[in-house]
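Peer 1: here is a sequence together with a model predicted from it:
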Amino acid sequence: MPNAFAYAMLLFWPLVGLVLFMRLPRSEALIWTLVAGYLLLPAGVTIDLPVLPPLTKTSSPVFTGLIMCLAGVGSAVARRQRRTGKRNPPGEAPSGAEPAEPKPGWLPRSLLGKILLFAVMFGPLVTGFLNTDRIDFSYGGFVKGLKPYDAFSSAMHYSVMIVPMLLARKYLASAQDQRLLLRILMLAGLAYSLPMLVEMRLSPQMHVWFYGFFPHSFAQTYRFGGWRPAVFLGHGLLLALFAAMAFLAAAALWRTAAKENRPRLLLATLWLGMMLVFCRSIGSLAIGMLIVPMILILGRRTQMLVAVMIAALVLLYPTLRGGGVMTASGIISVMEKLVPSKVGSIGLRVRNEDTLLARAAERPAFGWGIWGRSRVYDEDTGRDLSVTDGAWVIVIGTYGWVGYLGTFGLLTLPIFGLFRLRADPQVTLETSALCLILALNLLDLLPNSGITLITWMLAGSLMGRAEQIAASRTERLSRRRVMRDAAPPPAADGPPGGAEETAVAPRPPRTNPPGGAIGLRTGGKARVAPHHASRDRSPR
């Protein structure tokens with residue numbers, strides 16, 4: 001059972017956010033409010049509020065950031081900096097300074113982005129109203145149908161989930177903000193490594209010490225001869241995913257840093273890489289070690305190509321699985337060669353995916369809804385036979401293809417948008433590195449269910465950046481068109497009377513021909529001396 005401190009943290013996190021927004025520029029305060037809330041608040045604790053969505057580890061920092069941005073808290077910091085005349089050192093990006101003009105509106109500019117957003121927000125409503133029937137078993141038990149309250153609750157939950165994306169799109173879209181986002185991910189990873197070290201030695205106890213309970217199965221905390229840390233994230237897999245993000249962020253900063261800052265950033269990268277190894281998660285470690293050479297070596301265009309290939313694979317993965325292109329037996333045979341120790345776990349997951357996909361195919365458009373209706377049960381006993389790990393199969397079973405395309409479409413849309421603009425010089429290495437970090441998270445969603453507020457924040461920042469670059473590009477083309485149309489018309493063809501005036505160019509001055517020849521005057525006429533005339537005629 002959660003203690004009083006766990007509930008107090010959820011209730012008083014808005015005060016923490018208020019302090020951050022009062023002392024820091026808006027963009028920096030927004031990132032710290034979301035990231036620190038995700039890392040520090042208790043997992044598995046809910047405070048039900050009347051009318052409003054419940055307060056959780058996700059919703060409390062999200063509500064805090066939204067209220068502070070809507071109220072304009074933090075803009076006073078920027079005004080004070082301008083009034084006092086504080087400037088950053090030459091060549092250094094303004095740390096945390098928000099753009100002078102935030103992006104207008106809260107919705108994506110593209111029509112496709114709006115369609116995907118409304119599919120995520122209102123699709124659960126349709127799912128709820130289409131699943132009012134209950135599921136009966138032969139022994140007499142049943143799974144209850146959905147009520148209008150369940151439909152509105154699901155829609156509200158998804159609406160809260162995508163608020164970090166909308167906030168980041170509006171306030172974290174500049175190149176400076178994206179570098180700031182990388183820096184805060186690295187600093188948060190370095191700070192989090194201290195409790196991680198404690199749990200590696202003493203077992204995952206931080207959540208028990210501070211909040212009075214452990215939110216997951218303790219049997220999953222011992223792997224490969226040691227303890228897998230979880231700290232306040234609830235599960236070691238989520239912590240390993242965050243450690244991989246912080247590791248890649250540090251690597252990106254090391255590559256793009258000034259010469260005097262590179263040694264300490266190299267140390268931070270190596271330290272976070274060691275923490276990722278100690279997380280004892282093969283998936284996150286393998287993906288992180290696969291992507292970090294790309295961040296350190298490849299150019300931004302090639303990085304964008306890799307990111308868009310990963311995004312396309314994730315988006316098409318359910319089709320490949322359901323269409324028989326990637327079968328369970330094929331995946332198991334590949335894992336036997338790569339990681340033999342994980343064949344049992346992977347085999348269990350992919351076989352369950354086949355069963356769950358067959359169940360989802362019975363209601364493909366909007367899914368089965370919540371309360372476990374999309375799971376597979378024993379008809380005679382009602383025992384749950386399903387093991388759901390991948391986020392993609394959970395979303396398809398619960399909200400159908402509409403929910404899946406809306407969710408994963410919004411997460412991959414910024415990568416596709418920036419790939420179209422990859423030749424633009426405004427697509428910096430920081431932007432392409434963030435695309436690869438988001439691609440890491442997307443790959444992790446195939447075997448795991450790690451869609452967090454940091455995932456949505458990364459997608460929102462990249463979406464805002466893509467829209468900002470596209471708008472700047474359109475403005476440049478429009479300005480060139482206006483300048484071309486405003487150019488003076490060419491001169492007339494000729495004078496009246498039809499006689500053409502021939503412009504005679506002035507005769508160029510006489511110059512020496514190539515090779516060093518000089519002009520000599522003989523008998524009042526000039527002649528050009530041959531090339532050998534200028535050679536040295538001294539005796540040998």
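Peer 2: Now that the structure is in, tell me what you want to look at. In this text the structure is predicted, and so the values were computed from the model without any measurement.
Peer 1: show me where pLDDT drops low in the stretch 51-200 of the chain?
Peer 2: Applying pLDDT under 70 to the stretch 51-200 of the chain flags residues 51, 74-104.
Peer 1: now the stretch 201-350 of the chain
Peer 2: For the stretch 201-350 of the chain, the stretches with pLDDT under 70 are 341.
Peer 1: mind listing the strands for it?
Peer 2: 222-223, 226-227 (DSSP state E, counting those that start in this stretch).
Peer 1: so for Leu30, which of those strands sits nearest?
Peer 2: Among the strands of the stretch 201-350 of the chain, strand 226-227 comes nearest to Leu30, with 33.8 Å by C-beta to C-beta. All C-beta atoms are positioned from the backbone trio N, CA, C, and that covers glycine.
Peer 1: contact partners of the closest one?
Peer 2: 199-204, 221, 278, 280 (C-beta atoms under 8 Å, 6 or more residues apart in numbering).
Peer 1: one more pass at 10 Å, please.
Peer 2: Applying C-beta atoms under 10 Å, 6 or more residues apart in numbering, the external contacts of strand 226-227 come out as 199-205, 221, 236, 278, 280.
Peer 1: so what's Trp13 up against?
Peer 2: Each residue near Trp13 by C-beta under 10 Å, 6+ apart is listed here: 33, 36-37, 40-41, 55, 57, 60-61, 63-64.
Peer 1: put together CSV for those residues, with secondary structure, neighbour count and distance to Leu440 on each row.
Peer 2: Compiled in CSV, those are given as follows (DSSP: H, G, I helix; E, B strand; the rest coil; neighbours: other C-beta atoms under 10 Å; distance: C-beta to C-beta, whole Å):
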residue, secondary structure, neighbour count, distance to Leu440
Thr33, helix, 28, 23
Ala36, helix, 18, 21
Gly37, helix, 24, 22
Leu40, helix, 18, 23
Leu41, coil, 23, 23
Leu55, strand, 21, 29
Lys57, coil, 26, 22
Ser60, helix, 24, 26
Pro61, helix, 28, 22
Phe63, helix, 19, 28
Thr64, helix, 23, 27
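Peer 1: so which of those residues is the closest to Pro488?
Peer 2: Thr33 (55.4 Å).
Peer 1: can you say which of the strands of the stretch 201-350 of the chain is nearest to Phe12?
Peer 2: Closest to Phe12 of the strands of the stretch 201-350 of the chain is strand 226-227 (C-beta to C-beta; 30.7 Å).
Peer 1: hang on, the earlier thing: please identify the most buried of the strands of the stretch 201-350 of the chain.
Peer 2: Mean neighbours per residue, mean count of other C-beta atoms under 10 Å, is largest over the strands of the stretch 201-350 of the chain for strand 226-227, with a mean of 16.
Peer 1: number of nearby residues for the closest residue to Val163 other than its chain neighbours?
Peer 2: Among residues not flanking Val163 along the chain, Val62 sits closest, at 4.9 Å (C-beta to C-beta, 6 or more residues apart in numbering). Counted by other C-beta atoms under 10 Å, the residues lying close to Val62 total 25.
Peer 1: please identify the helix or strand for Val62.
Peer 2: helix 59-71 (DSSP states H and E).
Peer 1: which stretches of the stretch 401-540 of the chain have low pLDDT?
Peer 2: By pLDDT under 70, the low-scoring segments of the stretch 401-540 of the chain are 489-540.
Peer 1: and the strands in it, which stretches?
Peer 2: For the stretch 401-540 of the chain, applying DSSP E, counting those that start in this stretch gives strands covering 519-522, 525-528.
Peer 1: what's the domain layout of the protein?
Peer 2: Partitioning the chain according to automatic domain parsing yields domains covering residues 1-86, 108-477.
Peer 1: would you turn those into CSV with distance to Ala486?
Peer 2: As requested, the domains of the chain are exported to CSV (distance: least, C-beta to C-beta, whole Å):
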stretch, distance to Ala486
domain 1-86, 35
domain 108-477, 15
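Peer 1: tell me which of these sits nearest to Arg484.
Peer 2: The nearest among the domains of the chain, by C-beta to C-beta, is domain 108-477 at 10.6 Å.
Peer 1: just how off-centre is that closest one within its chain?
Peer 2: How far domain 108-477 lies from its chain's middle: 9 Å, per C-alpha atoms, centre = their mean, to the nearest Å.
Peer 1: gap between the two ends of that domain?
Peer 2: Terminal residues of domain 108-477 lie 22 Å apart, using C-alpha to C-alpha, to the nearest Å.
Peer 1: so where do the strands sit in the stretch 51-200 of the chain?
Peer 2: All strands of the stretch 51-200 of the chain, identified by DSSP E, counting those that start in this stretch, fall at 135-136, 142-143.
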